[in-house]
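Participant: Fold the following for me, if possible:
(one chain, ligands or ions: 1)
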Amino acid sequence: MKFFIDTANLAQIKEANELGILDGVTTNPSLMAKEGIKGNEAVMNHYKAICEMVDGDISAEVIATDFNGIVEEGKKLAAIHPNIIVKVPMIKDGVKALKYFSDNGIKTNCTLVFSAGQAILAAKAGATYVSPFIGRIDDSSWDGVELIAQMAQIYSIQGYKTEILAASIRSALHIVKCAEAGADVCTCPLESILGLLKHPLTDIGLAKFLEDAKKTA
Ligand code: E4P
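Facilitator: The predicted structure follows:
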């Protein structure tokens, strides 16, 4: 499973990248706003900065919701860097745009996916990645990880090449469950990635080893 970090914060991206396990970055308009990025030029420059930091797929989301607007904006985003993945919402014109981008060699990430039906449409349209929002599904008392498992089964049976990018991750356990359910990629907040490190027995064991090492010094 590939690891992406789900943030537009450059310090967090740097920290995750330095771990040596980072395969890419996802952003969205909310994450960009959180960093105080304002204006088209600043947005473009921020994507460029992320692309220069991480050698991997970088998702940049379109704001337009009509076919022509999505295509125009997607082309501009794709021109920033070869690693840009154009993030397109799961709406009717978005599906049309996914097909257009797929036919024209532009990689995409279909975002705001909450059902298997939407995941089938995105795959049929040739999306490179599809992003089911696990945490937001859990928030509405459905099971987000179950959707990952269902999608993995459908994509395998149907031979779809689209990669399942588990998004809206809220915990280290989510990452483990998504890996188990067949996600190809997990995009996570830094906190959840670092959460994978934690086990009290590791800390207790290390403290004991270091204490005993003094006896052999
Ligand atoms: C990633 O592509 C999504 O935009 C993101 O994971 C959404 O996460 P949230 O539900 O925590 O906002």
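Participant: how about the residues of this protein that lie near the ligand?
Facilitator: 6, 26, 28, 111, 131, 133, 135-136, 167-168, 187 (C-beta under 6 Å from any ligand atom). C-beta here means a position set from N, CA and C on the backbone, and glycine is covered the same way.
Participant: Go through these and flag which are in strands.
Facilitator: Those of these mapping onto strands are 6, 26, 111, 131, 187, per DSSP state E.
Participant: re earlier: which one among the residues of the chain next to the ligand gets closest to residue 69?
Facilitator: Nearest to residue 69 out of the residues of the chain next to the ligand is residue 111 (C-beta to C-beta; 15.9 Å).
Participant: Report the separation between the closest one and residue 176.
Facilitator: 23 Å (C-beta to C-beta, to the nearest Å).
Participant: neighbour count winner among the two?
Facilitator: Taking neighbours as other C-beta atoms under 10 Å, residue 111 and residue 176 compare with residue 111 leading, 24 against 14.
Participant: list the contacts for the more buried one?
Facilitator: Listed by C-beta atoms under 8 Å, 6 or more residues apart in numbering, the contact set of residue 111 reads 28, 59, 61, 87-90, 131, 167.
Participant: Tell me what it is bridged to.
Facilitator: The partner list for residue 111 in beta bridges (DSSP bridges) reads residue 89.
Participant: State the pLDDT value of it.
Facilitator: For residue 111, the model assigns a pLDDT of 98.
Participant: again, but for residue 26
Facilitator: Reading off the model, residue 26 has pLDDT 98.
Participant: Need the per-residue pLDDT for the nearest residue to residue 188 once chain neighbours are set aside.
Facilitator: Sequence neighbours aside, residue 169 is the residue nearest to residue 188 in space, at 4.4 Å (criterion: C-beta to C-beta, 6 or more residues apart in numbering). The model reports residue 169 with a pLDDT of 98.
Participant: residues in contact with residue 169?
Facilitator: Contacts for residue 169 (C-beta under 8 Å, 6+ apart) come out as 6, 134-135, 175, 178, 186-189, 192.
Participant: measure the residue most central in space within the chain to residue 16 for me?
Facilitator: When C-alpha atoms, centre = their mean is applied to the chain, the residue found nearest the centroid is residue 187 (3.6 Å). From residue 187 across to residue 16, the span is 11 Å (C-beta to C-beta).
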